[in-house]
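Asker: Sequence isn't available, so here's the structure alone:
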């Protein structure tokens with residue numbers, strides 16, 4: 001899949017969901033103060049990323065966080 005900004009709230013996520021493949025990198029722009037701090041320091045739009053993978057018909061994301069460590073979470 002080619003890079004694209006997707007906001008789950010706009011409906012564009014539903015349009016692109018089927019194009020996401022195992023191993024695609026998903027970038028996130030969090031709203032937490034730490035996310036804003038990371039974006040500020042990096043001069044970037046995104047605060048963290050994850051790897052997409054399909055588990056049966058469910059789109060999942062592998063991501064790492066300081067507290068809980070690596071997690072597999074539903075993308076939607």
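Answerer: Here it is on my side, so go on. Quick caveat, the model's predicted, so the values are computed rather than measured.

Asker: drop to CA atoms for contacts and neighbour counts, all remaining ones
Answerer: OK.

Asker: In terms of helices and strands, where is the most centrally placed residue in the chain?
Answerer: The centroid of the chain falls nearest to residue 26 when counting by CA atoms, centre = their mean (4.0 Å). Residue 26 is located in strand 25-28, with elements delineated by DSSP states H and E.

Asker: Let me see the ranges of the helices in the protein.
Answerer: Remark: helices assigned in the chain by DSSP state H are 12-16, 33-42.

Asker: For residue 51, find the nearest of those.
Answerer: Nearest to residue 51, of all the helices of the chain, is helix 12-16, at 15.7 Å by CA to CA.

Asker: Same question for that closest one: list its buried residues.
Answerer: By neighbour count with 16 or more other CA atoms under 10 Å, helix 12-16 contains no buried residues.

Asker: Can you lay out the helices of the chain as JSON lines showing mean pLDDT and distance to residue 62?
Answerer: Output for these, formatted as JSON lines (pLDDT from 0 to 100; distance: least, CA to CA, whole Å):
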{"stretch": "helix 12-16", "mean pLDDT": "83", "distance to residue 62": "18"}
{"stretch": "helix 33-42", "mean pLDDT": "94", "distance to residue 62": "18"}
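
Asker: Now distance to residue 57 too, for the ones you listed, in JSON lines please.
Answerer: Listed next are the helices of the chain as JSON lines, based on distance: least, CA to CA, whole Å:
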{"stretch": "helix 12-16", "distance to residue 57": "14"}
{"stretch": "helix 33-42", "distance to residue 57": "30"}
